[in-house]
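Novice: okay, here's the prediction I keep looking at, along with the sequence it came from:
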2 protein chains.
Amino acid sequence: MNVGTPTIDSGLYSSRRMPPVTVADQQHFAWLARSFGRTDYLPLSPADLSALTETGEYVEKYPGTHLFREGEIARHAYIIEKGEVELYRTIGDLKRVVTRVGEGTVLGDIAMFQEEPYISSAKAITPVRAFRFDRDKLLPVLVKHPVVTLRWLVAGLSQLESTQRRVLRLMHRTVKEQVAEMLLDDADQRGEVHISQGALATLLGASRQTVNEALADLKEAGAAETGYRLIRVVDREALAEAAGH
Amino acid sequence: MNVGTPTIDSGLYSSRRMPPVTVADQQHFAWLARSFGRTDYLPLSPADLSALTETGEYVEKYPGTHLFREGEIARHAYIIEKGEVELYRTIGDLKRVVTRVGEGTVLGDIAMFQEEPYISSAKAITPVRAFRFDRDKLLPVLVKHPVVTLRWLVAGLSQLESTQRRVLRLMHRTVKEQVAEMLLDDADQRGEVHISQGALATLLGASRQTVNEALADLKEAGAAETGYRLIRVVDREALAEAAGH
DNA sequence: CAACAACTGTCGGCAAGCCGACAAACTCCG
DNA sequence: CGGAGTTTGTCGGCTTGCCGACAGTTGTTG
């Protein structure tokens, strides 16, 4: 989503008593700034950013491992720098996927701020690199840096909006329409989506067979192609058509 | 359409010259504080609260009138003090209900913070009294009062959580289960829900007929009773049973 | 390279739910 | 009181999508 927003605040690295700023630092700062919403709005100050980097540390996760699990007391929030994470809840012995998220998404903050158990589990799908905020360090910093808090707020609210949109996307629509729209939304630069049809079905709350049938229709219409754990967008026009504009 | 919508400024809180603190003030403060999440967590200071009261004013809305409409540039956010508001979006010529909300809910903040058009329309269902925040006044106050911002953040995030829950509630469940759960969640002290079956159907994304059939089942099971624009919970146990625990 | 696990593709039977239609009941208001 | 508008209750026909089953394909691992 935030892809292609290369807004590096020029005056950012001229700050005072900081250690020499490396290229890695610059990338890190720019990335942190981007992650909290649009950069042209209430930009984060260098002080804001460096304060944030001291509220936690980077963690790396292999596919299949958990960032956190449902029920654990939330002491950390995460922001994904690279990779893909699946959020799910277990109800009874059923696993229900809440959503899949990628680069720039903030995770676990809901529970962390309220110091309650995590509402869902977060599992790495691909290799994941994420910044882990420490609650006890973060709160004082947020109180001292209101602009960062405001940014966080905006980021949280836009996530709320996209979830509301997802509600509407689920309601009143056939699986074929949902699949088409999902492909339009989630295809990468090459027009590919790397996901198994089963996982896609879980995301949409449909059965694997029905998703497969929908994909067969889309293939026949020349809108998409499928492979092993792969769906490729061939004709965006046709997909939009199938999604109902 | 907004004919006869009285925008009443309470006049109570026009300060800057430090007015005496009245009983009404205290009630107002307590209510504002409650609305932004749990009070035992990072409590709002009196200074925080009085700062907030100067960032907007009260408005009153008759049933059927709009607090704001989809597409208007968002310059205000609202917090409902009394009454019920329906959030909906129009897609094509279809009206889709996003949600219904009541006392304590914050509205329109997503769009306001980003200074973008409102994403959905907000219409009063019952007589509504709400506090309307003014963007231009609010932002400076938030920057100066980080704790308030943090509270706002927590409020926003818990709304995100309830929306996520709603996604799960919609998926994989029959209309009967959804109706039962909705009744359990939304019944008032007398165990009554005042809503037409048609409106309930729109909320759940189902047809009126199917909802009616589900209610007939629940009636037969002795779990609920129905009347004109009214559903009464008779047996919570049985309802929970029908909802799938 | 062989065996296994995961994934894709397809079929038929069955249930949930939508739609149009219509009668009966209820509210509101002059 | 009476009529208009809204809401409830119910029917049958039809579509979507779920489920179980199974065969074929692709990737992985020892």
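Specialist: Right, received. Where do you want to start?
Novice: list the buried ones in stretch A:119-139?
Specialist: A:119-125, A:128, A:130-135, A:138-139 (16 or more other CB atoms under 10 Å in any protein chain shown). Every residue, glycine included, has its C-beta placed from N, CA and C.
Novice: show me where chain A has strands.
Specialist: For chain A, the strands defined by DSSP state E occupy A:56-61, A:66-68, A:76-82, A:85-91, A:94-101, A:106-107, A:121-124, A:128-134, A:192-193, A:224-227, A:230-233.
Novice: looking at the ones you listed, which is buried most?
Specialist: Highest mean neighbour count of these: strand A:106-107, a mean of 23 (counted as mean count of other CB atoms under 10 Å in any protein chain shown).
Novice: how about stretch A:179-192: buried residues?
Specialist: So for stretch A:179-192, counting by 16+ other CB under 10 Å, buried means A:Val179, A:Ala180, A:Glu181, A:Met182, A:Leu183, A:Leu184, A:Asp186, A:Ala187, A:Gly191, A:Glu192.
Novice: identify the farthest-apart pair in those residues.
Specialist: The span of the buried residues of stretch A:179-192, defined through CB to CB, is set by A:Glu181 and A:Glu192 at 16.5 Å.
Novice: could the strands of chain A be laid out in a markdown table, adding distance to chain B?
Specialist: What follows is the strands of chain A, written out as a markdown table (distance: least, CB to the nearest CB, whole Å):
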| stretch | distance to chain B |
| --- | --- |
| strand A:56-61 | 17 |
| strand A:66-68 | 15 |
| strand A:76-82 | 10 |
| strand A:85-91 | 7 |
| strand A:94-101 | 6 |
| strand A:106-107 | 10 |
| strand A:121-124 | 13 |
| strand A:128-134 | 13 |
| strand A:192-193 | 20 |
| strand A:224-227 | 24 |
| strand A:230-233 | 21 |
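Novice: mean pLDDT lowest where, among the ones you listed?
Specialist: By mean pLDDT, the lowest-scoring of these turns out to be strand A:94-101, with a mean of 78.
Novice: how about low-confidence regions in chain A?
Specialist: Applying pLDDT under 70 to chain A flags residues A:1-44, A:92-94, A:245.
Novice: most proximal residue of it with respect to DNA strand C?
Specialist: At 3.4 Å from DNA strand C, A:Gln197 is the closest residue in chain A, using CB to the nearest atom of the strand.
Novice: residues contacting that residue?
Specialist: A:Arg208, A:Val211, A:Asn212, A:Leu215, A:Thr226 (CB atoms under 8 Å, 6 or more residues apart in numbering or on different chains).
Novice: can you redo those residues as a markdown table with distance to DNA strand C?
Specialist: As requested, the contacts of A:Gln197 are exported to a markdown table (distance: CB to the nearest atom of the strand, whole Å):
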| residue | distance to DNA strand C |
| --- | --- |
| A:Arg208 | 6 |
| A:Val211 | 8 |
| A:Asn212 | 4 |
| A:Leu215 | 6 |
| A:Thr226 | 4 |
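Novice: from these, list just the buried residues.
Specialist: So, by 16+ other CB under 10 Å, the buried ones in those are A:Val211, A:Asn212, A:Leu215.
Novice: was I right to think A:Thr149 contacts B:Val148?
Specialist: No. A:Thr149 is not in contact with B:Val148 according to CB atoms under 8 Å; the separation is 9.4 Å.
Novice: how near is the spatially closest residue to A:Ala51 that is not a sequence neighbour to DNA strand D?
Specialist: In this structure, A:Ala51 finds its nearest non-sequential neighbour in A:Val141, 4.9 Å apart by CB to CB, 6 or more residues apart in numbering or on different chains. Per CB to the nearest atom of the strand, to the nearest Å, A:Val141 is found 41 Å from DNA strand D.
Novice: so A:Val141 sits against A:Leu52, correct?
Specialist: Yes. Counting by CB under 8 Å, A:Leu52 is a contact partner of A:Val141 at 6.8 Å.
Novice: please identify which of these two sits among more neighbours.
Specialist: More crowded of A:Val141 and A:Leu52, by other CB atoms under 10 Å in any protein chain shown: A:Leu52, with 26 against 18.
Novice: could you break chain A into its assigned domains?
Specialist: Following the assignment in automatic domain parsing, chain A carries domains at A:19-167, A:173-242.
Novice: OK, contacts around A:Val233?
Specialist: A:Leu183, A:Leu184, A:Ala187, A:Gly191, A:Glu192, A:Val193, A:Ala223, A:Ala224, A:Leu239.
Novice: make JSON lines from the residues you listed and add distance to B:His172 to it.
Specialist: Shown next, in JSON lines, are the contacts of A:Val233 (distance: CB to CB, whole Å):
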{"residue": "A:Leu183", "distance to B:His172": "22"}
{"residue": "A:Leu184", "distance to B:His172": "24"}
{"residue": "A:Ala187", "distance to B:His172": "26"}
{"residue": "A:Gly191", "distance to B:His172": "30"}
{"residue": "A:Glu192", "distance to B:His172": "28"}
{"residue": "A:Val193", "distance to B:His172": "23"}
{"residue": "A:Ala223", "distance to B:His172": "27"}
{"residue": "A:Ala224", "distance to B:His172": "25"}
{"residue": "A:Leu239", "distance to B:His172": "26"}
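Novice: out of those residues, which is nearest to A:Arg166?
Specialist: Checking the contacts of A:Val233 one by one against A:Arg166 (CB to CB), the nearest turns out to be A:Leu184, at 13.9 Å.
Novice: leaving out sequence neighbours, find the closest residue to the closest one.
Specialist: Using CB to CB, 6+ apart, the closest residue to A:Leu184 is A:Leu239 (5.5 Å).
Novice: cool, thanks, talk later.
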